[in-house]
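In: Predicted model follows, preceded by the sequence.
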Amino acid sequence: MSSTIESSAAAEAVGVSRDRKTVARAAAPVTLKPAGASALGDRALGLLGIVGFLALWELVPRLGIVSEAYLSPPSQIIVTIWQLIGSGELWKHLAASLQRSLWGLLTAIGLGVTLGLLMGWFKRFEAIVDPILQLFRQTSAFALFPVFILFLGIGETSKVAIIFWASFWPVLLSTISGVRQVDRLLIDSARSMGASQWFVFTKVVLPAASPSIFTGIRLAGTYCITALVAAEMIGAHSGLGFLTLNSQEVFQIPTMYAGILLLALLGLALNYVLALIERRLTRWRRGLTLNG
């Protein structure tokens, strides 16, 4: 009997000891990794990936795996860019590309957002215009090269028109989608409180559709650079696209790669600027996210 009692007491002691350990673990402070540290780590990994890629790129032609006549090492490309800066040639090509791309993109944003808001808000207007736009939307900007050149010549206007055509459709479609996806409850609530049609459109629909609109604008920025390269390869005498193609034709390979790299950097810079504008104009979304 006494042994049974002793065993029971020992079991209870073990149980209490385990419970104390469990409570101690639960009460122990939990070390959380700061969000800033996590973001910094991700950036470090991204930077490490870029450095590794550039190192591999540098070694491949230097070791003779691929001839430098076909693949210039990054160090040589940087020297070439520096020479273009020193001679002033880079600024001429960069200014021409910026002017064409901004004119085409801004025109596409203006018309695309305006037409998209009208089509998304007025159903009858959409029913009239949509069949025509669906026909044009299937036509690539590159397929329309001959038409643009025929009507507008090979000057600046045709190049801007090509960039506009490629950038217009993502803005238009994203704007229509954004207006259609606005919560109907928001619209009905505003109307039930006596809000006018104009108030509902400008204070409810437009802010709610802005995230989708900016998605289309940033996508248009990517298409803008793609169309810019193609436009500058036809009848141009300046621009980064012209610099790239002309360098390839005269077999100035480092300059060709410099043009390609500069076009990529231009695209990244454009996307960064558009992202900054988006964050600036949609700051209210961050407040909703934090409150949620």
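Out: In hand now; what should we look at?
In: name the helices or strands packed onto the helix or strand where residue 48 lies?
Out: Using DSSP states H and E, residue 48 falls within helix 35-62. Applying 3 or more CB pairs under 8 Å, 6 or more residues apart in numbering; DSSP states H and E, one finds that helix 35-62 makes contact with helix 74-87. The C-beta positions use only the backbone N, C-alpha and C, and glycine is treated the same way.
In: quick revisit: in the helix holding residue 48, what counts as buried?
Out: Using 16 or more other CB atoms under 10 Å as the test for burial, helix 35-62 gives 57, 61.
In: how far off helix 74-87 does it point, in degrees?
Out: 90 degrees (axes from the mean of the first three to the mean of the last three CA atoms, to 10 degrees).
In: Model confidence score at residue 25, please.
Out: Looking at residue 25, its pLDDT reads 49.
In: now residue 31
Out: 51.
In: same check, this time on the one 4 residues further on
Out: For residue 35, the model assigns a pLDDT of 53.
In: next one: residue 135
Out: pLDDT at residue 135 comes out at 85.
In: Same question for residue 290.
Out: As summarised for this prediction, residue 290 has a pLDDT of 46.
In: all numbers from here: first residue = 112
Out: Got it, the first residue is 112 from now on, which makes the last one we talked about residue 401.
In: Got phi/psi on residue 393?
Out: phi -120, psi 40 (degrees, to the nearest 10).
In: wait, isn't it in contact with residue 325?
Out: Yes: between residue 393 and residue 325 there is a contact under CB atoms under 8 Å: 7.0 Å.
In: ok, the two, which is more surrounded?
Out: Between residue 393 and residue 325, counting by other CB atoms under 10 Å, residue 325 is the more crowded of the two (21 against 14).
In: wouldn't that one be in contact with residue 387 here?
Out: No: the pair residue 325 / residue 387 is not scored as a contact, 11.1 Å apart, by CB under 8 Å.
In: Tell me who's in contact with residue 354.
Out: Residues in contact with residue 354 (CB atoms under 8 Å, 6 or more residues apart in numbering) are 204, 366, 369-370, 373.
In: In which helix or strand does it reside?
Out: helix 351-360.
In: buried stuff in whatever helix or strand comes next after that helix?
Out: Going down the chain from helix 351-360, the next helix or strand is helix 364-392, by DSSP H and E. For helix 364-392, the neighbour count (16+ other CB under 10 Å) marks 364-374, 377-378, 381, 385, 389 as buried.
In: same thing with stretch 194-212?
Out: Neighbour-count burial for stretch 194-212, counted by 16+ other CB under 10 Å, picks out 195, 201, 204-205, 207-209, 211-212.
In: Just the C-alphas of it, formatted as PDB.
Out: What follows is stretch 194-212, C-alpha atoms only, in PDB (Å, rounded to 0.1, in the frame of the first residue of the first chain):
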ATOM      1  CA  GLN A 194      33.200  57.100 -72.700                       C
ATOM      2  CA  LEU A 195      29.700  57.800 -74.000                       C
ATOM      3  CA  ILE A 196      29.100  60.100 -71.000                       C
ATOM      4  CA  GLY A 197      32.400  61.900 -71.600                       C
ATOM      5  CA  SER A 198      31.700  62.400 -75.300                       C
ATOM      6  CA  GLY A 199      28.200  63.700 -74.700                       C
ATOM      7  CA  GLU A 200      26.800  61.100 -77.000                       C
ATOM      8  CA  LEU A 201      24.900  59.300 -74.200                       C
ATOM      9  CA  TRP A 202      22.900  62.400 -73.300                       C
ATOM     10  CA  LYS A 203      21.800  62.900 -76.900                       C
ATOM     11  CA  HIS A 204      20.400  59.400 -77.100                       C
ATOM     12  CA  LEU A 205      19.000  59.400 -73.600                       C
ATOM     13  CA  ALA A 206      17.100  62.700 -74.200                       C
ATOM     14  CA  ALA A 207      15.600  61.400 -77.400                       C
ATOM     15  CA  SER A 208      14.400  58.200 -75.900                       C
ATOM     16  CA  LEU A 209      13.000  60.000 -72.800                       C
ATOM     17  CA  GLN A 210      11.100  62.500 -74.900                       C
ATOM     18  CA  ARG A 211       9.500  59.800 -77.100                       C
ATOM     19  CA  SER A 212       8.600  57.400 -74.300                       C
END
